[in-house]
Structures are given as structure tokens and as C-alpha cells.
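Engineer: next input, structure requested:
(chains A and B)
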Number of protein chains: 2
Amino acid sequence: MNQERLFARMKKDGLDAIVATMPENVTYSSGFWAMSQWIRRGPQAYVLTPGPGRGEPAVMASTGLIDLVADPSVWVKDVRRYGRFIVDRTPDVALGAHDLRIEQLLAQQEDSDAVSCLVRAIKDRGLDKATIGVDEIGILPQYWDKLAEALPNAKLVRAADVFRFARAIKTPEEVACLRKSAQIADKSIQAALAVAREGATEMDLARAFHGTTINEGGMPVLGCIGFGARSAMTNVQPSEYALKQGDIIRFDVGGRYGHYRADIARNGVLGEPTKKLVQYHRAICVGLDRAIEMIKPGVRACDVFEASVETVRREGIPHYRRSHVGHGIGLDGYDAPDIAPSNTAMFEEGMVICVETPYYEMGFGGLQVEDTLVITKDGVDSFMLSSTKLRVV
Amino acid sequence: MNQERLFARMKKDGLDAIVATMPENVTYSSGFWAMSQWIRRGPQAYVLTPGPGRGEPAVMASTGLIDLVADPSVWVKDVRRYGRFIVDRTPDVALGAHDLRIEQLLAQQEDSDAVSCLVRAIKDRGLDKATIGVDEIGILPQYWDKLAEALPNAKLVRAADVFRFARAIKTPEEVACLRKSAQIADKSIQAALAVAREGATEMDLARAFHGTTINEGGMPVLGCIGFGARSAMTNVQPSEYALKQGDIIRFDVGGRYGHYRADIARNGVLGEPTKKLVQYHRAICVGLDRAIEMIKPGVRACDVFEASVETVRREGIPHYRRSHVGHGIGLDGYDAPDIAPSNTAMFEEGMVICVETPYYEMGFGGLQVEDTLVITKDGVDSFMLSSTKLRVV
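Structural biologist: Got it, this is the predicted structure:
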């Protein structure tokens, strides 16, 4: 967690404390991977982070997740639990550290729900008259109401944006996870291209892609893989369509590694590409290069957007238009900043971003190159293993 | 979608229309798989379903998902789109049906956000003074506020529970997906057990498990696989721990197929099991059998709970306690009903449920058998391919 940046923004926004409620923010501010919340909608897990000098952070977790909240990777040590869940224990057998921690947490008070835990944690810190930012994305509205009712003298403010702001600058540990995640996706594309031949289906490539992600220690998430005219569909989902001569192969893909997302894009073609395909692909690559070459701390996102789109137009797609040419990435697939025409914010060292110049043309196909990189003191450090080159298979 | 059941419950609750906002409910009520909403938190996609005689349903989708909302599998044909997204088109080339539909939708009005689309759809149907149920789980609070402001004469009611009620009885198409999803998980367990040998790690089995899920056309979601004492951790995440003689191997696993979840559990052991392990495993199997044997339309969930727990106690784990012995499954991993002591509701034909009798003992290990089945006219039809037997490897 980028505590310094979170605290700075909390101070600016006048927040005495902040509560994470969506899975990305819960994991971000505690190390707690609240599984049920990640794979379903509705389960509640929160992290209370008081501002400097206002007390220690606290996690509120369902007892059913007790083993995950007891994990050594969870750095927040004040854990409140709610709900009944039974775990037995062999008498007279020594337990390992993880089990001892579970036992310790099970011995603590059991609350009825996540908000009851949170209210207790807030009151214990004397924050019941404070201004508290609450990430509004993960908390169910009835729990927000319950929280407001239990803390009549506190001021509750929607604060998902504060987390989004803090998350934009990655810690070295986050950069390492994101690098690995991007590289797993890159290797998985190469594995999928290795099975591309006439008659191979989009599903065949998807199986090779996701299978490699699994083998490399990742978990599949995004797998848009489309051939021929189907590649023009932005979110193309792999089908039984079989590859034929001249077909484009477009990948827009990426899983998770250590909870961190990947999102990269590459293209191939079966057999010799047409002149138009070569020209268009070259144009988006040069446009991507132009963006990457400009990116460094102090440069405005909108200026990179303009230069990149202008380059693609000049280099071969005169009618090229885009709503953005990239975005941050982290625990969420779309972190700040957006590289969009309206975003006058400047890049900063430590941002990890996906830079992309996709082009979708119905009747022709889709082409997309997307790299992931971290912004350094004076430029960028790319995570990519492969070049953006159109891969002829 | 079980329209009959949804309409019956809407009538009971006095709802003139209902709005789906969480991914499970959006897909459920339209066939629209709103990808960004499934893989992230925050992106907004809605489906408006008016009650009988109150108008046709409508989907509100980001233009960035235009290809997915134009998919032939989406049965709601009134689509409203919001946000800018550029898709080009080759002139003078005939397009396929899917692309023509995309072109048609792109030619429609572009709204600024999902709520603007929704308000328009509601007004078009003369529902602006109606009582409208809104699934409160997927809509961001600022959008709820905006909706309320735009419809000052409408009454907005939280209605996620109405969808949960409707989703509990599956259509034949849903049963087919859930059967396939459970069977993929079952085959994946067998593939993982096939690599279980002394020195194999939990991660080795996880790779075999998820790899098989991928090969069978599924997507990985849940993969709790733990060996030895680690298997006592409810949500054990695969590690580099290596299997040794006498270790329990516990699986609590399941991916998605056709967007439908799986959740099943089985156990193995390396080498000869101890007497305690045999006795405990047998007890949970008999407890599971007892539950399954009782389940049919008209039987109360709480009665099955009591009988199942009582059976496990009598058959070999005298101190056995549980908070539930199963739950429904569908697009969501936990659909209604819960097989819990407080649930006096009766089983109904067409429910698909996971029945489970897990046991977690720190210092010893965890054992869990979980089957998925559909409730028929007079009993159940199990989806399982494998028996619950403790698998000695």
C-alpha cells in the first residue's frame, strides 16, 4: 500500500479515516484477500485505515474467511470477525503459526455483521465523531444506512476515488507483481500463437493461452481472441471459428498474478498479410511507440493521447479515432490515469500503465497493440518480452 | 430466465418493473454478458424488465461492450447505449448478421451514462410514476441518487432479493449448464488426483485442476486444494507444500461454464489412511447421503440440515457442528436456498443445489464432500460423475 499517498489525499479531503469495501481496496489496504468478495457480489469485508496518529488499522472479516485473514501476508493485525463458522481443533497437538493465529482470532468476539465490527473498531479509536471516507463501491446500501445510523455524529463521505488516487502510484512489490503478470500474459500469447495453424479454432488458442497462464502460476481473467473479421469485435469471445489463410489473429488478454491484473495485446496473421493489413498494423505500432517515447513524469496524459492518435493518422490510418490510448493497471484492470483527451493530469514515477492503440473495422478486422510498463524517473521500463510486430504464422 | 417466477414475485411485492444491475442479474434477465462488469467493480450495465403488459424489456450498455450486447444470445432487443467508443467499417463490404446488429446499435442515440439510458427507457414505457424494484448490489450509489432525482414521481425499492428468489428455480437450459459445469469440476478433480504422488505440490494439483477446466471449456474460479494439516483451512490456497505419506488431499473447487458456477468437494489421501480418517470420512459421506436421500419438493431445508448433522454425529464425528450443509448454485455461487437451521423454506422442483458436509479440524485436517444436483418431481438428479469415496492414491 502507498500509505504516504493515501494519507496525503485523506488530509486534502479532510478525512480522519477511510474504509475500504471493494475487494481491490480491501486487499490493497491490508493484504487480506477476501475470497468470497472477489468471486461473488454481496459478501462484506472492510478495512478501516485511520489517518496518521488516529490509531491502528483494522480488518472486518467473515468468520468463514478466518484462514485467509490469519494469513501471514495480512499486515493489519487488528482483526474483527462476524458470523458463525465452526473450526475444530485436535486436543494436545501443537499447531503451526498460521493455525495458532486462526485459533487466536476464533477466540475473539463474534459480531453479527461486518458493520457491527466496523462500528466497534471506529468507536475503539474514538472516531465516532470523525469524518470518515467510505469506499462506496463494495458496501451494500443497507449496510451504509446501518453504519450512518450507528454513528449519528460521524460524517460519512463517499471515498472510492481516494483509493483510486492512492493506488495509481505502485510500490516496488506491486511493480514486481504487475511485471510478472504482464510477462505471464506475454508468454501465454506466444504459446497460443504456437498452436495457430489453418483450421485451429479461437477456442484452441484460448485453451493454449489460459493453460499457459495457469502453468505459469497465474489465473485467467480476460481472453479476447478473435480471427478474421471477428477480430473487429472489441470484446470478441473465443468461438469454434477456424483459422483460414489471410485471417488476422487479435489478442486482448491478461490474467492475474498475486491478485494483480495483466492487460496486453498483440496480433498475428495466417499467411501473407495484405498491403492494407501491413500498413494499418505498422501505423498503430508507430502510434504506440510515439506514446511510449513521450511518457515520463511531468508529461500530461492528454498530450500523449493527441500525439499518439496523430501519429497513427499520419502513418497509415488517416481516419483513426480513439476515446483513450491507455490506462493504469493494478489490482483493478483500469487504474488511474486514463490516457484520454480530457485528462490533463501528469504522469508520475511509479505509475504502471497499459498503453494501447486499438483499431476496429467491421468487414476488415481488429488490430491492437498494448504494452504494459512502469514509469521511471525519466522515462519508462517496459514489462514486455515480445515485440509488437505482426506475427506471421 | 424464469419469467413466470420473477413476475409472480414482482406482483407480490407490488413492483411494476424491475431493474437488474449486478452482473449475475444482468446476464440472467437478458442473456447479455457485460464483461467489464464481471471482471471489474464499477462499470454499469442494467436491464429493465417491466411486469406483464407494462412493455418490453430493455438493456442499457456501455458502447464499449457493443459487440457483446449485439450477440445473438442476447434475447432483449431494445438496447440503449452510453459513452463514446469508435468502431469503423469497411465501405462496400457486406457484413455478417452480428456486425449488422452492431452497426444498427451504433446508429442509435448515444447517452452520457447508464442512468440516462435507463430513465429514457422507463419514460418510454410510461413507468415514471411506477414502483420500480432496483437490484441495489450493482448500481453505484451516485447512480441510484441520479435515478431517484430523474424520476421524482417513481418509487424505487431495493430488489436484489427478488432476483435471488426468481433465480432459485432453474430453467432446463440453466440445469444443462450447471450439470456441465459440475462435471467439468469433477473431471478436473480426477485429473488433479492423477498427478498426486509423494512430493507433488498443492500448486501441481491446482495446475492440473485448472488446466483440465480450461481444456473442457470452463473458466477457473474456485480452487481450494490443501494437503495434510493445511486441508483444515477452509479456503486453503494452493502452495508449494509437497504431499507426504498419510496426507489428506482436500478439494473444494469449481469454475464456470456458460457463465454458470460449479462448487463441489472430494478428498484423497496418500497411502493408507488412519483409522480416524476412515471413520471421519465415512461419517461425512453418510451425512451427505442422508441429506440427499431426504431432499425432494415439499421437504424443509432446516429438517435436512438437522438430519444430516445428526447423522454425521451418530456415524463417527460426535462433536460435529455446522452453520449450513449446502446452498443453491447458478450464475452466483450461492443461490437460494441455504440448507441452514433457520431456513424453514421448502425445496422445490428445479432448484439446483450443492449439498455438503465439510469438517475442519486444526492439527488433523479438513474433509469435505459436496455434490451438486437438481431437484426433480420426487427426488433429485445428481450431476456427479465420481463417488464421494475417499480416494487412496
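Engineer: apart from its neighbours in sequence, what residue is nearest residue A:371?
Structural biologist: Once flanking residues are discounted, residue A:371 sits nearest to residue A:384: 5.1 Å by CB to CB, 6 or more residues apart in numbering or on different chains. For glycine as for every other residue, the C-beta is placed from the backbone atoms N, C-alpha and C.
Engineer: who's in contact with whichever residue of the stretch 151-300 of chain A sits closest to chain B?
Structural biologist: In the stretch 151-300 of chain A, the residue that lies nearest chain B is residue A:233 (3.7 Å; CB to the nearest CB). Applying CB atoms under 8 Å, 6 or more residues apart in numbering or on different chains to residue A:233 gives the contacts A:226, A:360, A:366, B:67, B:98, B:102.
Engineer: ok, those residues vs residue B:40, which is closest?
Structural biologist: Using CB to CB, residue B:67 comes nearest to residue B:40 of those, at 17.6 Å.
Engineer: correct me, but residue A:63 touches residue A:83?
Structural biologist: Yes. When contacts are counted by CB atoms under 8 Å, residue A:63 is listed as touching residue A:83 (4.9 Å).
Engineer: give me the common contacts of these two.
Structural biologist: Common neighbours of residue A:63 and residue A:83 (CB under 8 Å, 6+ apart) are residue A:110.
Engineer: what ranges do the strands span in the stretch 1-150 of chain A?
Structural biologist: For the stretch 1-150 of chain A, the strands defined by DSSP state E, counting those that start in this stretch cover A:17-20, A:46-50, A:58-62, A:78-82, A:88-89, A:110-111, A:131-134.
Engineer: nearest to residue B:18, out of those?
Structural biologist: Comparing these under CB to CB, the one sitting nearest is strand A:131-134, at 27.2 Å.
Engineer: that closest one packs against which elements?
Structural biologist: Other elements packing on strand A:131-134 under the criterion 3 or more CB pairs under 8 Å, 6 or more residues apart in numbering or on different chains; DSSP states H and E are strand A:17-20, strand A:155-158.
Engineer: each with direction, which strands does that strand pair with?
Structural biologist: If you go by DSSP bridges, strand A:131-134 pairs up with strand A:17-20 (parallel), strand A:155-158 (parallel).
Engineer: ok, residue A:338 - contacts?
Structural biologist: Neighbouring residues of residue A:338 by CB under 8 Å, 6+ apart: A:301, A:324, A:326, A:327, A:328.
Engineer: the third one touches residue A:291, doesn't it?
Structural biologist: Right, the one you point to is residue A:326. Yes. Counting by CB under 8 Å, residue A:291 is a contact partner of residue A:326 at 7.0 Å.
Engineer: overlap in contacts, the two.
Structural biologist: With contacts defined as CB under 8 Å, 6+ apart, the residues adjacent to both residue A:326 and residue A:291 are A:339, A:355.
Engineer: of the two, which one has the most company?
Structural biologist: The neighbour count for residue A:326 versus residue A:291, taken as other CB atoms under 10 Å in any protein chain shown, is higher for residue A:326 (28 against 25).
Engineer: secondary structure class of residue A:221, three-state.
Structural biologist: Secondary structure state of residue A:221, per DSSP: H, G, I helix; E, B strand; the rest coil, is strand.
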